[in-house]
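J.: Okay, here's the prediction I keep looking at, along with the sequence it came from:
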Amino acid sequence: MAGVLLTGGASRRMGFDKALVEVDGLANAVRLAAVMQKVASPVLEVGPGRSGLKAIAEGPIGQGPLFATCAALPALEAAGHRGPVLLLACDLAFVTAEDLALLAGWPGGSSVVPMVDGRPQPLCARWSHEDLLAATVLVHAGERSMKALLRRPGIVLVDRDQWPAGRADHVFADFDTPTDLAGLGLRHEAP
């Protein structure tokens, strides 16, 4: 199981780089890199190098997470990995190694995407190699939204009731604005 951490978003609504928000005394990108390395190998960052992991440039920035996800494939394949990938966005403040291990160990070889309040969470999911290859085809066809990838057949959608009791809301709580940070009990101190 490989891992890909996405850190290249523009953070327009936040007003500063979300990857640098401090969680448990670390920049969240650094914290998430450590969490992912407990469950996956190799683990790569797609973005500007905020996590301490090997960073892969996504090409033209601002193309969205589907495009960024595809940027990791050549590096993973060069490392000999052609299996499933745990994909994680850098704005999830409470993901643990246990949460990622649950996704990694989900039965079967299909992509596994958690659902919260009827909404899929494709940026904290396990993606099969086949679906990632399909993502590349979608990107070349002009798609930039993860929604296009979610339309593929065979993806396992994991409802809240299949997740450990009480964890879904906490695990998938993300932050896009300063108000979101405050609501999660987090703050960002300007350098």
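T.: Noted; the coordinates are in hand. In this text, all values refer to a predicted model and were calculated from it rather than measured experimentally.
J.: What's the local residue count around Arg151?
T.: Arg151 has 10 neighbours, counted by other CB atoms under 10 Å. C-beta here means a position set from N, CA and C on the backbone, and glycine is covered the same way.
J.: Oh, that last question was meant for Gly108, not what I typed.
T.: Number of residues near Gly108 (other CB under 10 Å) recorded here: 9.
J.: same deal with Asp180?
T.: Count around Asp180 with other CB under 10 Å applied: 18.
J.: quick one: it from Lys18, how far?
T.: Counting by CB to CB, to the nearest Å, the gap from Asp180 to Lys18 is 10 Å.
J.: lowest-confidence helix or strand of this structure?
T.: Sorting the helices and strands of the chain by mean pLDDT, DSSP states H and E puts helix 167-171 at the bottom, at a mean of 67.
J.: so how many other residues sit close to the closest residue to Leu26 other than its chain neighbours?
T.: Using CB to CB, 6 or more residues apart in numbering and skipping residues adjacent in sequence, the residue nearest Leu26 is Ala34, 7.8 Å away. For Ala34, the neighbour count with other CB under 10 Å is 14.
J.: Distance of Ala34 relative to Leu184?
T.: Going from Ala34 to Leu184 by CB to CB gives 19 Å.
J.: where does the chain dip in pLDDT?
T.: 9-17, 60-62, 165-170, 175-177, 181, 187-191 (pLDDT under 70).
J.: Show the residue spans covered by the strands in it.
T.: 2-6, 22-23, 26-27, 43-46, 54-56, 85-89, 112-116, 119-120, 124-127, 156-158 (DSSP state E).
J.: Find the centremost residue of the chain, please.
T.: The residue lying closest to the centre of the chain (CA atoms, centre = their mean) is Leu88, at 1.5 Å.
J.: quick one: contacts for that residue?
T.: Leu88 makes contact with 3-6, 32, 36, 95, 100, 123-124 under the criterion CB atoms under 8 Å, 6 or more residues apart in numbering.
J.: any idea how far Gly52 is from the residue nearest to Leu26?
T.: 8 Å.
J.: do Gly185 as well
T.: In this view, Gly185 and Gly52 are 25 Å apart by CB to CB.
J.: burial of Glu143, as a residue count?
T.: When neighbours are defined as other CB under 10 Å, Glu143 has 17 of them.
J.: Setting aside sequence neighbours, what's the nearest residue to it?
T.: In space, Glu143 is closest to Leu66, 6.2 Å off (CB to CB, 6+ apart).
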